[in-house]
Every structure is written in C-alpha cells, then in structure tokens.
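Visitor: Whatever this is, show me its structure:
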Amino acid sequence: MGTLRIAVFLFIVAAMSSFISIQVYGENASPKLDHFEKLHFSRAHLHKIQVLQRDSVSTQKHAKKIPKAANAGPLVYHVTSYGADPTGKSDSTDAILGAISDALNGPGHGVLYQGIVNLGGARVDLDGGNYLISRPLQFPLPGRGNLVIHGGSLIASDNFPNDGYLIDLSPASNNATSAYNYEFVTMRDLLLDCNYRGGGIQVINSLRTNIDNCYITHFNTTGISVQGGHETYIRYSYLGQHITGGGDPLERNFTGTAIVLAGNDNSVSEVVIFSAAVGIMITGQANLITGVHCYNKATGFGGTGIYLKTPGLAQTRIVNSYLDYTGIVAEDPVQLTISNSFFLGDAYVVLKSVKGVVNGVNIVDNMFSGSNSGVEIVQLDQSNGGFNEVDQVVIDKNNVNGMKLKSTVGRSSIEGNSSSWTADFNSVFVFPNLIKQVQYSFITNDGSFPVHALRNVSGNKVVIQSQVPAAASVYITADQSI
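Guide: Residues are numbered from 1 along each chain as shown. Sure thing, here's the model as predicted:
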C-alpha cells in the first residue's frame, strides 16, 4: 500500500508540473495557441511522463538481474600505489616487482600461443618517476602475454649485480606450460640507466616482444640481449654505454655491446647506437636491420658497427642504415644482403673466412665516403684460410668518394694496334684469382676482320688475342659472381 500511495503522489505532482509548464509556454511563447492545441499538447506531454515513469519502474524491477562483469578490476598497475619511490632516493625493487607480479597474476582473457595466458593488455605504469633498482626486475612466473611496462626511468643502484639486467624477461620459476616463456610483452617509453652495473633488457625464449622508444645507457655488458625465441622488434630506441654526441675523447675505451640478437626472425629498426665496442652482434638467422645509425666506436679504434657471427647461414638483411666510422663484419656469410646504406669515415665491409664459404651475398647500391687514404670498401679477412667456396656473390653498383672501389664485376676498355690485349682486374676485384665469366667486344678501326679469341683468365687478368695485329678497341666485362 505504501508503494501505491507514493506512485499516486508522484503522478499528481507530475501532472501539476505539466499543467504549469503548459501555462507558461502558452503565455510567453504562443499567444495565438487555441484551446484544442493546448489540450493536445497537454495530453502528449502527460503521455510522455507516464511512459518515462513506467520505464523507470521497469528498470528498478529488473536492476538486480543485470550480472556484473566477471573478474572486474583495473588492468593498470601503478607502481607508486605499491610504494615505489618516484624520486629515486629509496629502493623501489620490491614495489615494482609487486606490481609486475599482480599484473601477471591478473585476470586472464583466453590464451595467445598455446600455454600463454592473455592478460588483456594489462599495464604496469611507472607514473613518470625515477626508480632506484637493486636487483633485476625478473618476471616471477612464465606463460603470460599481452602486457605493457611503460612510462618512467629505472636506475641501477651501486650494488646492482654486474651480470644482471634491469628488466629480465625470463621466469624466476621453472614451471612453464608453453614452448615459450612470454608473448606480446611491450616495454616502451623507458629510460634505463645501468650505472655501469650490468645490462638493460634481457629477453629469453619469448614471442613477439616489443621494445619501443627506449633509451638505454651506462651498460657494461649488453644494452638489449635477445636469447632464443623469435620476433623481438626493437624500434625507435637509443643505446650507448656512455652518453656522447660523437667524437668522444675516450672513444677508444668503449666496451660492451649495444644489442645482441641470439635468435631468429628479429628486427631492429630506427635505432641509434652512439657508444659501445660493438653496435649489434647477430648470432641468429633471418634478422632484419633497417634504419640503424651506428657510431658506437670507430673501426680505427677496434670497434664494429654490426657483427654477423653466423658462419654458414646468415639469412640477414641490412638495409637503409648508416655506418658512421664503424663497419660491418660477416663470418662465412651465406645469404646476406647489405644495400642502400651509407658508410662514412672510411667505414667498410669485411668478409671473414672461417671455413672459406661465401654464398648468396649481395652488397649493392651503397654509398661509401672516406678520407682518400686508399681504404677498400669491401675487404677479405683470410687469416683463418682463404675463401675456397665462392658462389652467387654480387658486389656492384656502389658509389665511392674518397675510398677504393671493390667489386665482383670488372669493366675495361683497351685501344691499340696489337695482336694481344690484356685487362688486369686485380685492383677492383674482391676475390683473388677468380673469374667465372667474361664478355668482350672486338671492334676494328681499319675495317679489317681478324680472327680473335679469349685466351687466358688467370690471376684476375683477361687476355684477348687476334690472329694478326689489328688497330682495334676491345671492351671487356669480367664477373666473379656467376
């Protein structure tokens, strides 16, 4: 009965307010409104109120039947809420590990790769702070994916372990149910200061990891280490052992390696490496390096921009990159492309013999600029033995300024009155005593038509002879690659 009285009271009040509203409208807005129009407006307005009241009562009746979302809760874990100190004065290791642990144990949303729980895009937010870290932020358990760690700075303390990594994407426990530890974990918008006490980020046996917009410095081992797994993408990042803008007076003392790719199918793109003994060390296959600027340590000081330690099978592409006073070394390269890149400051490419194999190598369409000191753009390191297996190697169409051109394709023109014409390609050819194909044109200047032939191709020299002396122009193309 009480509910009925309240409903009747609300109806009367609503009707009266409608009537008052009609009178005001009629007096101020439409003085010509007749009795029928007023009545029609009043009834229509009253009907709307009744419908609204009915819907409201219906909603109240069924409100309790709407189920709440399962596992409802935040997917953003703010490290400051766990007690992390954003000023960097006190140790925040446990607080940040607590946030990571809660994120990894958060609600799942199905699976990604078999055995990898989908965390639904959970985020560990560093809230733009600077945090002191005394031991690696190692993930406590495996089998998780779709997680982001972002937005702040991590600084290694003075007692941080020398062999540790600030962020360690490897499980502390060994109870994996998947072939991979993690999938689709993203680390972005981070500054990692290793304080010369270890490395920045370690990724072990993980799938589809993103390292995006990170600045990693003061490492004494490795800036980013990728071990096993595949498809780790490192983008728009800056790495350097020492913070410098180039030409550092202590450059010859730089140590460490900025990036190690000890796995397959990874990519490094739009990355600057400004100080380290080795810019990128590659020991896995099918990796892509593009848009990378290496000025980590000059070759003259013993540095290497990109080192491919993949003898027998490289399957690597280095394109659109900038090797700045530091070069590329490739051991027994098989299937390697270096193209559309710029080599400055006498930087060059070294093909290093391990078992004497080089196959399927393209070094084409690059620019080389040097100091006019006679440095060759492509060099052989045969200290372990010569290259005895050379096939499908194309080194051509590179342009050179202030360095010595080397190629697998040689072109020469000879004019004279003779019965023998010799073209010496030793100054341009990369490999010693290797000519696989020769093409030549023999054009006489006096209208004669002597018999001529290719007579010798030894010692990287091509000899063309005619049966009788003739005034002729001879054009020769020799190739080491076919």
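Visitor: Quick one: the strands in the stretch 351-482 of the chain, in order.
Guide: Ranges of strands within the stretch 351-482 of the chain are 357-364, 367-369, 378-381, 389-396, 399-401, 409-424, 437-444, 452-456, 461-479, based on DSSP state E, counting those that start in this stretch.
Visitor: what about those strands, which gets the closest to residue 281?
Guide: Closest approach to residue 281 among the strands of the stretch 351-482 of the chain (Cβ to Cβ): strand 378-381, 16.8 Å. For every residue, glycine as well, the C-beta is placed using N, CA and C.
Visitor: wait, residue 307 sits on residue 283?
Guide: No. With contact defined as Cβ atoms under 8 Å, residue 307 does not count as touching residue 283 (9.1 Å).
Visitor: Compare the two and say which one has the larger neighbour count.
Guide: residue 307 (23 against 16; other Cβ atoms under 10 Å).
Visitor: where's the more buried one relative to residue 150, distance?
Guide: Distance, residue 307 to residue 150, by Cβ to Cβ, to the nearest Å: 31 Å.
Visitor: Name the helix or strand for residue 102, please.
Guide: Per DSSP states H and E, residue 102 falls inside helix 93-104.
Visitor: same thing with residue 190?
Guide: Per DSSP H and E: strand 182-193 holds residue 190.
Visitor: helix or strand right after whichever helix or strand residue 148 is part of?
Guide: Per DSSP H and E, residue 148 falls inside strand 144-156. Per DSSP H and E, the first helix or strand lying C-terminal to strand 144-156 is strand 165-169.
Visitor: Neighbouring strands - and their directions - for that following strand?
Guide: Applying DSSP bridges to the sheet, strand 165-169 is found paired with strand 137-138 (parallel), strand 199-204 (parallel).
Visitor: so how far is that strand off the chain centroid?
Guide: Remark: strand 165-169 is offset 18 Å from the chain centroid, using Cα atoms, centre = their mean, to the nearest Å.
Visitor: So what touches that strand?
Guide: With contact meaning Cβ atoms under 8 Å, 6 or more residues apart in numbering, strand 165-169 is reached by 133, 136-139, 149, 154, 156, 160, 181-182, 185, 187, 190, 192, 194, 198-204, 206, 209, 225.
Visitor: Return the angle between stretch directions for that strand and helix 93-104.
Guide: 20 degrees (axes from the mean of the first three to the mean of the last three Cα atoms, to 10 degrees).
Visitor: Name the residues of strand 165-169 that are buried.
Guide: 165, 166, 167, 168, 169 (16 or more other Cβ atoms under 10 Å).
Visitor: just the helices in this protein please.
Guide: Counting by DSSP state H, the chain has these helices, from start to end: 2-28, 35-62, 93-104.
Visitor: Distance of residue 349 relative to residue 332?
Guide: 14 Å.
Visitor: Compare the two (neighbour count), which wins?
Guide: Taking neighbours as other Cβ under 10 Å, residue 349 and residue 332 compare with residue 349 leading, 28 against 23.
Visitor: Just the buried ones among the contacts of strand 165-169, please.
Guide: 133, 136-139, 149, 154, 156, 160, 181-182, 185, 187, 190, 192, 194, 198-204, 206, 209, 225.
Visitor: Quick one: mean pLDDT for stretch 367-383?
Guide: Stretch 367-383 shows an average pLDDT of 98 in the prediction.
Visitor: CA atoms of that stretch as PDB?
Guide: Extracted C-alpha coordinates of stretch 367-383, given in PDB (Å, rounded to 0.1, in the frame of the first residue of the first chain):
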ATOM      1  CA  MET A 367      77.400   4.900 -50.700                       C
ATOM      2  CA  PHE A 368      80.900   5.000 -49.300                       C
ATOM      3  CA  SER A 369      82.800   8.100 -48.300                       C
ATOM      4  CA  GLY A 370      86.300   8.300 -46.900                       C
ATOM      5  CA  SER A 371      89.500  10.300 -46.500                       C
ATOM      6  CA  ASN A 372      91.300   9.500 -49.700                       C
ATOM      7  CA  SER A 373      93.600   7.100 -47.800                       C
ATOM      8  CA  GLY A 374      93.100   4.200 -50.200                       C
ATOM      9  CA  VAL A 375      90.800   2.200 -47.900                       C
ATOM     10  CA  GLU A 376      88.900  -0.500 -49.800                       C
ATOM     11  CA  ILE A 377      85.100  -0.600 -49.400                       C
ATOM     12  CA  VAL A 378      85.000  -4.400 -49.200                       C
ATOM     13  CA  GLN A 379      87.800  -6.400 -47.600                       C
ATOM     14  CA  LEU A 380      88.600 -10.000 -47.000                       C
ATOM     15  CA  ASP A 381      89.900 -11.400 -43.700                       C
ATOM     16  CA  GLN A 382      91.500 -14.700 -44.700                       C
ATOM     17  CA  SER A 383      93.700 -15.100 -41.600                       C
END
